[in-house]
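Colleague: Task: produce atomic coordinates for the following.
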Amino acid sequence: MPERGYPIGFRLSGGLRVAKSDCNRNAKQSMFSAQTRVDRVAKSASLAAQKKPAAGKNPTQTSLTISRRELLVNGSDHQFRRLVHSLLGFLARHQTIRDGHAAVIGLAGIEYTVLISIRHLSALGDVHVRAVADHLHLSGAFVTTITNKLMAKGLIQKASHPTDRRRLSLTLTLRGVELLDRLAPTQRQVNDIQFDCLSAKEFDQLLDMVQRLVESSDRAVALQRYLAEAQVRPINASVGTTSGRRKSRKS
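Modeller: Okay, here's the model as predicted:
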């Protein structure tokens, strides 16, 4: 049976729902059961979406971009869109700050992120590529590429793991440590300002929410790829197709 709320052919694999390229024809033609949720949450909006747009329709009326009851306010997704667009604004600014930190020590943004992650993870024990990849939610191959660049710049070194020969331990060189120590005073000032709106309680809540959003976003990305590969018709795509086909035949 498919996972609830997901199309047929979409299954869990290694803890993450992924797309199956060999899904059958019925799977490709199936639609989300989320349509029923949309009807329950905003019946009037759903019915309006199924009707042929009338001439002079108000252009400010938009289709719902989410159907979860918890995220709709009076049947509207306005607040949800506000959240998404605010997150985009925050992330853009945070990336600018990250790139600024990196520029101070002559690195690209992602190089700085991997370098400081290795240093902080080393306080917890042995650091290897997979540990860094999991920490940053990146692929192991990508992290390997970045660590090779850092090693070429003399900022990290790789050594054979004492018990696992297949694994390489990552540590900062003295040069790498010096660069991060030189950056720290500026970094503290900027970070204090960026996050001065959070209390200790809000900080803990935000950290928990962001971690969960990363996990749910992984599932969303897998679902989006499934829909693209399986060419599943979006919700309401069949509305009006019959009349559309008849018109095309007559023409």
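Colleague: State the phi and psi torsions of residue 172.
Modeller: Main-chain torsions, residue 172, degrees, to the nearest 10: phi -80, psi 150.
Colleague: Next one: it, what pLDDT does it get?
Modeller: Listed pLDDT for residue 172 reads 96.
Colleague: Residues in a beta bridge with it, which ones?
Modeller: Taking DSSP bridges as the rule, residue 172 bridges to residue 156.
Colleague: Would you check how far apart it and residue 222 are?
Modeller: 34 Å (CB to CB, to the nearest Å). Placement of C-beta: from N, CA and C, glycine included.
Colleague: Could you do residue 72 as well?
Modeller: From residue 72 to residue 222 the distance is 24 Å (CB to CB).
Colleague: where in this structure is pLDDT low?
Modeller: In the predicted model, the chain carries pLDDT under 70 at residues 1-60, 164, 232-251.
Colleague: how about the strands in it?
Modeller: Using DSSP state E, the strands found in the chain span residues 11-13, 16-18, 156-160, 168-172.
Colleague: and the third one, which residues are buried?
Modeller: The reference is to strand 156-160. Neighbour counts over strand 156-160 (16 or more other CB atoms under 10 Å) mark residue 156 as buried.
Colleague: Taking strand 168-172 as reference, get the angle to it.
Modeller: Between strand 156-160 and strand 168-172, the angle comes out at 150 degrees (axes from the mean of the first three to the mean of the last three CA atoms, to 10 degrees).
Colleague: Residues in contact with strand 156-160: which ones?
Modeller: 115, 118, 147, 150, 151, 168, 169, 170, 171, 172, 173, 176 (CB atoms under 8 Å, 6 or more residues apart in numbering).
Colleague: can I get these in a markdown table with distance to residue 79 and neighbour count?
Modeller: Compiled in a markdown table, those are given as follows (distance: CB to CB, whole Å; neighbours: other CB atoms under 10 Å):
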| residue | distance to residue 79 | neighbour count |
| --- | --- | --- |
| 115 | 38 | 25 |
| 118 | 39 | 25 |
| 147 | 41 | 22 |
| 150 | 42 | 22 |
| 151 | 47 | 15 |
| 168 | 47 | 16 |
| 169 | 47 | 18 |
| 170 | 43 | 26 |
| 171 | 46 | 15 |
| 172 | 44 | 20 |
| 173 | 48 | 15 |
| 176 | 44 | 22 |
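Colleague: Between these, which sits nearest residue 109?
Modeller: Closest approach between these and residue 109, by CB to CB: residue 115, at 10.8 Å.
Colleague: measure the closest one to residue 193 for me?
Modeller: 23 Å.
Colleague: check contacts around residue 99.
Modeller: 108, 109.
Colleague: Quick check: the gap between it and residue 118.
Modeller: Between residue 99 and residue 118 the distance is 19 Å, computed by CB to CB.
Colleague: Perfect, that will be all.
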